[in-house]
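Engineer: With the sequence up front, the predicted model follows.
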Amino acid sequence: MGAYYDEIEIEDMAWDDVKNVFHYPCPCGDRFEISRSQLANYEDIATCPSCSLIIRVIYDPLDYEDEPPDEDDAAASEEEEDEEGDSDEEDGFEDALDKLTLSEEPTLVAAAA
């Protein structure tokens, strides 16, 4: 992606303890934001919630590698797991990868013409 408004080093951004994000002023008057969990997931794009501008954040991903998940992210993933668990029980869905087996010998399958 090459349409960045700017490239900003993480050291030039400010940490917001309330929202748990790094932020940087946007020309529209709002601010670009990126969370620690996004940085830990190798995401380097900070977005402005008020306009379409984005910036690329320059940082060392290894600094955020061992970052624990955000409380919001953890709650969202727990909800997704709960929803997935409910659908498995209700629909009787089985994951195809669970039954996948690989053998050394390839098998030939005849196709009907």
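Structural biologist: Noted; the coordinates are in hand.

Engineer: Let me see the contact set for the nearest residue to K19 once chain neighbours are set aside.
Structural biologist: Leaving out its chain neighbours, the residue that sits closest to K19 by C-beta to C-beta, 6 or more residues apart in numbering is E33, at 7.1 Å. Any C-beta I mention is one placed from the backbone N, CA and C, and that applies to glycine too. When the contact criterion is C-beta atoms under 8 Å, 6 or more residues apart in numbering, the partners of E33 are 16, 19, 21-23, 46-49.

Engineer: what do you get if the cut-off is 10 Å, keeping everything else the same?
Structural biologist: Listed by C-beta atoms under 10 Å, 6 or more residues apart in numbering, the contact set of E33 reads 13, 16, 19-24, 26, 46-49.

Engineer: top of those residues by neighbour count?
Structural biologist: Counting by other C-beta atoms under 10 Å, A46 has the largest number of neighbours within the contacts of E33, with 28 neighbours.

Engineer: which secondary structure element contains I34?
Structural biologist: Under DSSP states H and E, the secondary-structure element containing I34 is strand 31-35.

Engineer: State the next helix or strand along the chain beyond that strand.
Structural biologist: If you walk from strand 31-35 toward the C-terminus, the next helix or strand you reach (DSSP H and E) is helix 36-40.

Engineer: tell me the mean pLDDT over that next one?
Structural biologist: Throughout helix 36-40, pLDDT has a mean value of 88.

Engineer: Check which residues of that helix are buried.
Structural biologist: 36-40 (16 or more other C-beta atoms under 10 Å).

Engineer: can you check stretch 8-19 too?
Structural biologist: Within stretch 8-19, the residues that qualify as buried by neighbour count (16+ other C-beta under 10 Å) are 8, 10, 13.

Engineer: Distance-wise, check the second one relative to D60.
Structural biologist: In this structure, I10 and D60 are separated by 8 Å, where distance is defined by C-beta to C-beta, to the nearest Å.

Engineer: Can you work out which residues contact both of these two?
Structural biologist: Common contacts of I10 and D60 (C-beta under 10 Å, 6+ apart): L39.

Engineer: between the buried residues of helix 36-40, which is closest to L108?
Structural biologist: When these are compared for distance to L108 (C-beta to C-beta), A40 wins out at 46.4 Å.
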